[in-house]
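Student: From the sequence below, what's the structure:
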Amino acid sequence: MWYFYIIYSQSRDHYYVGHSGDVRERLRRHNSNHKGFTGKAGDWELVYTETYTSKKEAYIRERQVKGWKSRKAIERLIERNSPKNV
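Tutor: Residues are numbered from 1 along each chain as shown. Sure thing, here's the model as predicted:
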């Protein structure tokens, strides 16, 4: 299985979109202290995932969502697929 995912950092107030075969391990690496963009925050949390059968499909979805260039569209996607509070 491959996954398209969205993570969020409260300290940066930023969403990050990606794909991975192991979302939990990828989240751990995002939160590790490294030189990349996500390594500076350390408070990334997983807020959304979709499952795909191939890496190519997950990558295509990542590129699609990144192409939106819209925080509001990403937030609508997350909200639309979140469990509703009753």
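Student: Now do the strands in the protein.
Tutor: Counting by DSSP state E, the segments of the chain that form strands are 2-9, 14-20, 44-52.
Student: what's the average pLDDT for the shortest one?
Tutor: In this case it means strand 14-20. Taken as a whole, strand 14-20 has a mean pLDDT of 97.
Student: Just the residues contacting stretch 2-17, thanks.
Tutor: Contacts of stretch 2-17 from elsewhere in the structure, counted by C-beta atoms under 8 Å, 6 or more residues apart in numbering, are 18-21, 23, 26-27, 30, 37-38, 40-55, 57-58, 61-62, 65-66, 71, 74-75, 77-78. For the C-beta atoms, the positions are set from N, CA and C on the backbone; glycine is no exception.
Student: Please disregard the earlier target; I meant stretch 30-45.
Tutor: Outside stretch 30-45, the residues that touch it by C-beta under 8 Å, 6+ apart are 7-12, 14, 16, 27.
Student: and that stretch, how far apart are its ends?
Tutor: Start-to-end span of stretch 30-45 (C-alpha to C-alpha, to the nearest Å) is 9 Å.
Student: so where's the protein shaky on pLDDT?
Tutor: Counting by pLDDT under 70, the chain contains low-confidence ranges at 84-86.
Student: Name whatever forms a beta bridge with the nearest residue to Arg26 once chain neighbours are set aside.
Tutor: Distance criterion C-beta to C-beta, 6 or more residues apart in numbering; nearest residue to Arg26, sequence neighbours excluded, is Ser20 at 4.0 Å. Beta-bridge partners recorded for Ser20 (DSSP bridges): Tyr3.
Student: what's the distance between Ser20 and Lys72?
Tutor: In this structure, Ser20 and Lys72 are separated by 25 Å, where distance is defined by C-beta to C-beta, to the nearest Å.
Student: what about the two, which has more around it?
Tutor: When Ser20 and Lys72 are compared for neighbours, Ser20 comes out ahead with 19 against 8, by other C-beta atoms under 10 Å.
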